[in-house]
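Engineer: using only what follows, build the 3D model:
(one chain, ligands or ions: 2)
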Amino acid sequence: MLVNLKEITQIAEQGGFAIGAFNAPNLETLMAVISSAEELNCPVILQHAQVHNALIPIETIAPIMLDLGKKASVPICVHLDHGTDYEECMKALRLGFTSIMFDASGAPYEENVLKTKEVVKAAHSMGVSVEGELGHIFSFDAGSGEGGKIINDYQSASDSYTDPDTAKDFVERTSVDALAIAFGTAHGIYKMKPVLDLNRIALIKEKTNIPLVMHGGSGVSDDEFRRAIKNGIRKINYYTYMAVDGANAVIRFLDKKTDKDNIQYHDIAITAQAAIKEHVLKAMKVFCMK
Ligand code: 13P
Ligand code: ZN
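Structural biologist: Ligands and ions are numbered 1, 2, ... in the order given. This next block holds a predicted model:
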């Protein structure tokens, strides 16, 4: 059944766990995520990132996400990830998304507040939730495609973390339903072990009292997930490492094939889907500890 972000994070608040929010830019990933959620009886967020329009247009994937979401036996939120302009957010609303992330974290603070408020006004009038972002998620790799502030080490990036008092002001002025915060996570592959300021999550939670969102979830250890959840993370954005696992399974499958003239595409898709599902099941067991 379809729910919005406010409703799905409320389930997580009540249960003291986090909802996995998986990017799914193709049917194989969508089916892997939904079947994992149904198998474990966990609510889940299916998300389409604006940047993934290059892989599949939002107009193509949205009706499939919504149809699978409606038919699922668990609560499902269909969410636009890192919407970076007003027009894309409005398009997601028209297509029937139940939640959108508006990401103006790269803009000056006042601009982020004003632009986020505009999106919230439109979305809330349609019963759709909004996630805002404050601070800068990192990235060790300019080519990851997911965005983020490019860093080479953690020492040089200390001014990018979300400030708890500013977060309180941001939440009060924008009325967002959830807030993505920066505490050391990075989009894409971690070139070094993540150094996370987990205490900051608790400080921000205390000031804002809304569901907090971790981006750059894949690559973080199970122990850090558990501590982040304990401190107030209720949504975990997750993609890169499950996509890498899917690709590695395909490489192994192709390497093993002796009859190279008879490799068929559907076998590649199915192989990737099975590996992604295995990965998602493992992650979900950590996030959705009910
Ligand atoms: P990863 O791809 O690094 O797991 O990050 C996902 C994300 O934050 C999507 O918004
Ligand atoms: Zn992200």
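
Engineer: for Lys149, which non-adjacent residue is closest in space?
Structural biologist: Nearest non-adjacent residue to Lys149, counting by Cβ to Cβ, 6 or more residues apart in numbering: His136, 4.0 Å away. In this view, the C-beta of every residue, glycine as well, is placed from N, C-alpha and C.

Engineer: kindly report the same for Lys277.
Structural biologist: Ala32 (3.9 Å).

Engineer: distance of that neighbour from ligand 1?
Structural biologist: Between Ala32 and ligand 1 the computed distance is 15 Å (Cβ to the nearest ligand atom, to the nearest Å).

Engineer: next SSE downstream of the host helix or strand of that residue?
Structural biologist: Ala32 is located in helix 27-40, with elements delineated by DSSP states H and E. Downstream of helix 27-40, the first helix or strand assigned by DSSP H and E is strand 44-49.

Engineer: what's the helix or strand that comes right after that following strand packed up against?
Structural biologist: Sequence order places helix 58-71 as the next helix or strand after strand 44-49, per DSSP H and E. Packed against helix 58-71 by the contact rule (3 or more Cβ pairs under 8 Å, 6 or more residues apart in numbering; DSSP states H and E) you find helix 27-40, strand 44-49, strand 76-83, helix 86-95.

Engineer: okay, those in CSV with mean neighbour count and distance to ligand 2 next?
Structural biologist: CSV is the format used below for the helices and strands packed on helix 58-71 (neighbours: other Cβ atoms under 10 Å; distance: least, Cβ to the ion, whole Å):
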stretch, mean neighbour count, distance to ligand 2
helix 27-40, 20, 16
strand 44-49, 28, 7
strand 76-83, 27, 6
helix 86-95, 17, 15
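
Engineer: next, count neighbours for Gly216.
Structural biologist: When counting by other Cβ atoms under 10 Å, one arrives at 26 neighbours for Gly216.

Engineer: pretty sure it is in a helix, no?
Structural biologist: No. Checked against DSSP: H, G, I helix; E, B strand; the rest coil, Gly216 lies outside a helix; its state is coil.

Engineer: wait, it sits on His136?
Structural biologist: No. With contact defined as Cβ atoms under 8 Å, Gly216 does not reach His136; the gap is 11.1 Å.

Engineer: which residues are in contact with each of these two?
Structural biologist: Both Gly216 and His136 are contacted by Gly148, under the criterion Cβ atoms under 8 Å, 6 or more residues apart in numbering.

Engineer: tell me which helix or strand Thr162 sits in.
Structural biologist: Going by DSSP H and E, Thr162 is not in any helix or strand.

Engineer: revised request: answer the last question for Glu13.
Structural biologist: Following DSSP H and E, one finds Glu13 within helix 5-15.
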